[in-house]
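Visitor: sequence plus predicted model, see below.
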Amino acid sequence: MLRRLAVLIAALVLATPAGAVTRFVSPTGSGTACTSGSPCSMTQANSVAAPGDVISMASGSYSVSPNPTGSGTAGNPIEYRGDPNNWSGVVFSSLTGINSQDNIVFRYFTVNSTNAAGMRLDGQLDNWRIAGVIVRGDLLIGGYNNGTIESCYVMPPLVGGTLGHNYLSFGGQACPINGGGAIANTVLRQNNFYLRSEAGHQYCFSADPIVKFYGAMKTNLTLSRNRFLIVMGPGSDGGSKRGYYLAEMDDSHFDHNMWMVKDSANTCTYGSGCITSRIRDHFNRNVFDTDTLWTEGSGAPNYLSSQGEPNDRTTEGDSKWINCYFYNKNGGNWEFSWGARDDSLINSVFVSDSHRAENAVVRVPSVAADGGFFMDHCTVADYSDPSIAFVNGPPVEITSNSSSSSPVTVTNNIFYRQMTTTGSNTAAEWITLAGSRTYTVNNNLFFYRAGIGRSIYGSWNGGGGALSNPGTGSTWTTASGKDANSKYGSPRFADSTFATFNPTLTASSAAIGMGTFGTDAGARQFSVQSDFTPPAAITTLGYTGSSVSGSTATMTLLWYTVGDDDLVGTAANQDLRWSTAPITSGNFASATAITGLPSPQVAGTLQVKTVTGMPLNQNLYFAIRATDEVGNVGAISNVIVVQQASAPLVTGSSVCQ
């Protein structure tokens, strides 16, 4: 036992370099001591930082970036650390030039650029961790292996008092960053990414994506509970505007992420500067689980093709979308534009109010000859506006026109169409089945307000297409042998309103129990949150002094408001608290709440609160934070301390006796 303990102690000693120290820096530091009593400059700390060192950064604005001349080692990174209770305390105007250092940690500081420079990490970086960092501007990362990025905020810069443009890029693309390379075994967790495009701001080409996971290969990435808001300002592209582009990705996992692409004008018509999102170009064995993909003002297709272009489409595919929610408002459709190859849509919901006639809400124009397609327990709801000529296609279109040993399965789905007008071939489903592959198409529920006879527009083995009902004896079932257990009927959703759609089935739904093994057709309901950007942190909390009356004190606090989404709009609530101990993000909820606050006003408004009944003879700490209407909580503000005076002496008393 003693020998084993000695070995363990020796291992721990070896794990931490003997010379590892905490080096203290400040914006006005000088000399070489780098101690708490005599902090040095960032330049000095960068030059001497060694594996295991912590560079403790005092609050203030720095003109030199954290950029060590060397790297840390595995288990002993070089860490640059700001104030964990005030991420806005340490500020850099930009952070660039890092391109070869490994084993680095960045925590608790802000990059506040006024020209979108932001944070740009170039080259191939290994074993990094970035946490609790706020970036106003670009976040551009080349190679990034075995790393994490968590609890960070990326937001547009403020340029002349208004929001500017910014980009998010991972993967070593030569433009806009130089060098870089492949990314593997990296985790992005619980980050808030707010990106914005403005007219004339594209780094590479006119349709340059605002969020880019493409370039070099990415393998075994995990994206968990991140929130992406991508806003296209008017005129930000002359042609197709690409919101996010996910490509060159293998064996990666996405869960509980929110992807929102929004045209700020919401006036797009198809083919005229419309937004697209693209998940395609070598996209292999990736899984989306409980992600929300939300588009407003698109009009253009959102691509899901896992097959790549153009040289190799034989080793790609087999990606899955499970428990996902797809929502298009004044948007386009979801399309496997280069075909499906063993891809799956499972227990997912698709809701759309507009799409092109030939594109459907969900469109699979071809199933690969060497692959199949699987769609099970999904709900597709089509709310197309009949006054728009190009939006009268079906909710679902699937075409398989080649022989293959891989099956096509379309089972237990609900295809729902609110539209009451019809065309020559409009239907709730448009399906073409041909060749000798195996098909399982059954137990689907169809509903089309135009009438029961317009459920399926299908063709089988080269035969002409025709409108038909599902079920035994129908034209479609007789010709194809499919959909014998499918039927026409109302799903009776809990909420069939487009804006608040809820696919939960009510007691009288025709979908209940009609699926295979007695399951309900369609997808279950899951939580969908469209507003995912929290208010910004209030950084202007202050006070105008205090007065003493009897045994208590009164003071006036003031601050400038922040917005509902970062610095835009009006927050729903503000939470101001006090304590006799320093307040941190960890103990904020246990501090004493101050009631009677003024209602939040539009961002940038000065607000005042007079606080009475405060105790004497001790320091008092105050902090505030804002929340929005759906419960997104902003970070806590700067913490102020009010040094309290003692109670006044009683009249007539004597200090000396």
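Guide: Nice, thanks for sending it over. What you are looking at is a predicted structure, and each value in this text was computed from that prediction instead of being measured. Numbers count the residues shown, from 1 in each chain.
Visitor: hang on, Q44 is in a helix, isn't it?
Guide: Yes: counting by DSSP: H, G, I helix; E, B strand; the rest coil, Q44 falls inside a helix.
Visitor: from here on, call the first residue 45.
Guide: In the new numbering, first residue 45, that becomes Q88.
Visitor: OK, contacts around the residue nearest to it when sequence neighbours are not counted?
Guide: Leaving aside its sequence neighbours, Q88 sits nearest to T76 (C-beta to C-beta, 6 or more residues apart in numbering; 6.0 Å). C-beta here means a position set from N, CA and C on the backbone, and glycine is covered the same way. T76 sits next to C84, Q88, V92 when contact means C-beta atoms under 8 Å, 6 or more residues apart in numbering.
Visitor: same question, A228
Guide: Contact analysis of A228 by C-beta under 8 Å, 6+ apart lists N189, N190, K262, T263, N264, L265.
Visitor: before we move on, back to that, quick check on the residue nearest to Q88: phi, psi?
Guide: Backbone torsions of T76, given as degrees, to the nearest 10, read phi -120, psi 0.
Visitor: hey, what's T476 bridged with?
Guide: For T476, the beta-bridge partners are T443, S503 (DSSP bridges).
Visitor: enumerate every residue touching it.
Guide: Here T476 is in contact with I442, T443, S444, N445, G502, S503, G509 (criterion: C-beta under 8 Å, 6+ apart).
Visitor: try it again at 7 Å.
Guide: Neighbour list for T476: T443, S444, N445, G502, S503 [criterion: C-beta atoms under 7 Å, 6 or more residues apart in numbering].
Visitor: pull out the buried members of those.
Guide: The neighbour count (16 or more other C-beta atoms under 10 Å) marks T443, S444, G502, S503 as buried among those.
Visitor: export those to TSV and tack on distance to S241 and pLDDT?
Guide: Shown next, in TSV, are the buried ones among the contacts of T476 (distance: C-beta to C-beta, whole Å; pLDDT from 0 to 100):
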residue	distance to S241	pLDDT
T443	34	89
S444	37	89
G502	41	90
S503	42	90
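Visitor: tell me how this protein divides into domains.
Guide: 62-156, 300-520, 586-687 (automatic domain parsing).
Visitor: just name the most buried of these.
Guide: domain 300-520 (a mean of 21; mean count of other C-beta atoms under 10 Å).
Visitor: look through every helix and strand of this structure and give the one with the lowest mean pLDDT.
Guide: For the chain, counting by mean pLDDT, DSSP states H and E, helix 46-59 ranks last in confidence among helices and strands (a mean of 38).
Visitor: that older thread, how about the contacts of T76 in a markdown table, adding pLDDT?
Guide: Formatted as a markdown table, the contacts of T76 follow (pLDDT from 0 to 100):
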| residue | pLDDT |
| --- | --- |
| C84 | 97 |
| Q88 | 97 |
| V92 | 96 |
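Visitor: quick check, nearest of those to N661?
Guide: Nearest to N661 among the contacts of T76, counting by C-beta to C-beta, is C84 at 38.3 Å.
Visitor: for S363, see how far away that closest one is.
Guide: Noted for C84: a distance of 51 Å to S363, by C-beta to C-beta, to the nearest Å.
Visitor: and for R329?
Guide: 7 Å.
Visitor: so which of the domains of the chain comes closest to A554?
Guide: Smallest distance to A554 across these (C-beta to C-beta): 6.0 Å, for domain 300-520.
Visitor: first-to-last residue distance for that closest one?
Guide: 39 Å (C-alpha to C-alpha, to the nearest Å).
Visitor: cool, stretch 86-103 as well?
Guide: Its first and final residues considered, stretch 86-103 spans 12 Å by C-alpha to C-alpha.
Visitor: ditto for stretch 645-663
Guide: Terminal residues of stretch 645-663 are spaced 30 Å apart (C-alpha to C-alpha).
Visitor: what sits up against that stretch?
Guide: Counting by C-beta under 7 Å, 6+ apart, 592, 595-607, 611-614, 620, 624, 638, 641-642, 664, 685-691 sit against stretch 645-663.
Visitor: now the strands for the stretch 495-644 of the chain?
Guide: For the stretch 495-644 of the chain, applying DSSP state E, counting those that start in this stretch gives strands covering 500-504, 510-512, 531-532, 537-539, 546-549, 586-593, 596-604, 617-623, 636-637.
Visitor: paired strands for the second one, with orientation please.
Guide: In its sheet, strand 510-512 lies beside strand 500-504 (antiparallel), with partners assigned from DSSP bridges.
Visitor: for the last one, same thing?
Guide: For strand 636-637, sheet partners with direction are given as strand 617-623 (antiparallel), following DSSP bridges.
Visitor: the strand it pairs with versus strand 596-604: what angle between them?
Guide: Per axes from the mean of the first three to the mean of the last three C-alpha atoms, to 10 degrees, the angle that strand 617-623 makes with strand 596-604 is 140 degrees.
Visitor: can you give me how far strand 617-623 is from the chain middle?
Guide: Centroid separation for strand 617-623 versus its chain: 28 Å, with C-alpha atoms, centre = their mean, to the nearest Å.
Visitor: for whichever strand or helix holds F298, give me every contacting residue.
Guide: In the assignment (DSSP states H and E), F298 maps to strand 297-299. In this structure, residues lying in contact with strand 297-299 by C-beta under 7 Å, 6+ apart are T266, L267, S268, V331, F332, D333, T334, D335.
Visitor: need the contact list for the last one.
Guide: Residues counted as contacts of D335 (C-beta under 7 Å, 6+ apart) are F298, D299, H300, N301, W303, C368.
Visitor: tabulate these (JSON lines), appending distance to V395.
Guide: Conversion of these to JSON lines gives the following (distance: C-beta to C-beta, whole Å):
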{"residue": "F298", "distance to V395": "20"}
{"residue": "D299", "distance to V395": "21"}
{"residue": "H300", "distance to V395": "19"}
{"residue": "N301", "distance to V395": "18"}
{"residue": "W303", "distance to V395": "15"}
{"residue": "C368", "distance to V395": "12"}
